[in-house]
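Novice: for reference, the sequence and a predicted model appear below.
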Amino acid sequence: MPLSSLISAGVEALSNQVLALDENSSGRRSQLAGKVLAIKISPLPCFYFVISEQQLDVLNQYEAEADCSLSMSLFTLAELKQADKIPSLIKQDKLQLEGDIKLAQQFADLFLQLDPDFEEKLSQRIGDVAAYQVMSKSRMVAQALNSLVKTTPEKLNEIASEEWQLLVGQLEYQSWQQQVQALSADLEKLSSRIEALSK
């Protein structure tokens, strides 16, 4: 099995499983039924997303012309978290689009508006009480990680300047800058004296 077929099968399975977690996604998907979206993310090959009311099929080849074609780099993919950014990415030449821009926005919204009920799915496997406890602990861990990510740059900056003395503060920098300017002025005076004495 070629690598592109393996990737498309994985993307298809993952997409359909994620969409199945949100009951409202079927309504959004049915609005796009019969549409085909071609997406080329460099350096990967082009994939064709064929949308039906039942599922999303991901193909390596498609004989007819797609309703909408998108081409972008892997780095631009991260910037597509909001569907309203599509026009600005097109203007910046980070995203090439041919066809219906509304279809591209609706396809992005299909995934961006997901509201999966993980607790319900988990409760079907391990029970209501256990699912509630797992999800509440997960939320607590997520909040702790979020606050850690927000405060880490400030703490690293403080440690680098205070503890390790790798960074200098604003006042130290200004003092050093004044010393350099004074030294430069002294060197110019010395240079002019040496020039005067050599004549």
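Specialist: Received the coordinates, thanks. Nothing here was measured: the structure is a model prediction, and the numbers come from that model.
Novice: which parts of this protein are helices?
Specialist: Taking DSSP state H as the criterion, the chain contains helices spanning 3-20, 25-31, 74-77, 86-91, 101-112, 118-126, 128-158, 170-198.
Novice: which one of these lies closest to residue 59?
Specialist: helix 3-20 (6.5 Å; Cβ to Cβ). All C-beta spots, glycine's among them, are computed from the backbone N, C-alpha and C.
Novice: rewinding a little: just say which of the helices of the chain is most tucked in.
Specialist: helix 101-112 (a mean of 18; mean count of other Cβ atoms under 10 Å).
Novice: now the angle from that one to helix 3-20?
Specialist: Orientation check (axes from the mean of the first three to the mean of the last three Cα atoms, to 10 degrees): helix 101-112 against helix 3-20 gives 70 degrees.
Novice: okay, residue 57: pLDDT?
Specialist: The model reports residue 57 with a pLDDT of 92.
Novice: circling back to that earlier point, closest one to residue 60 among the helices of the chain?
Specialist: Among the helices of the chain, helix 3-20 sits nearest to residue 60 (Cβ to Cβ), with 5.1 Å.
Novice: any chance you could list what contacts the closest one?
Specialist: Around helix 3-20, the neighbours that count as contacts under Cβ atoms under 8 Å, 6 or more residues apart in numbering are 25-26, 29, 44-45, 47, 55-60, 110-111, 114, 116.
Novice: quick one, phi psi at residue 43?
Specialist: The phi/psi pair for residue 43 (degrees, to the nearest 10) reads phi -100, psi 10.
Novice: OK, contacts around it?
Specialist: So residue 43 contacts residue 74 (Cβ under 8 Å, 6+ apart).
Novice: can I get stretch 104-114 in PDB? Just the C-alpha atoms.
Specialist: Output in PDB follows, covering the C-alpha atoms of stretch 104-114 (Å, rounded to 0.1, in the frame of the first residue of the first chain):
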ATOM      1  CA  ALA A 104     -13.800  26.200   2.100                       C
ATOM      2  CA  GLN A 105     -15.100  28.100   5.100                       C
ATOM      3  CA  GLN A 106     -18.000  25.700   5.600                       C
ATOM      4  CA  PHE A 107     -15.500  22.700   5.500                       C
ATOM      5  CA  ALA A 108     -13.300  24.500   8.100                       C
ATOM      6  CA  ASP A 109     -16.400  25.100  10.200                       C
ATOM      7  CA  LEU A 110     -17.300  21.400  10.000                       C
ATOM      8  CA  PHE A 111     -14.300  20.700  12.200                       C
ATOM      9  CA  LEU A 112     -13.800  24.000  14.000                       C
ATOM     10  CA  GLN A 113     -17.400  24.000  15.400                       C
ATOM     11  CA  LEU A 114     -17.000  20.500  16.900                       C
END
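Novice: brilliant, that's me finished.
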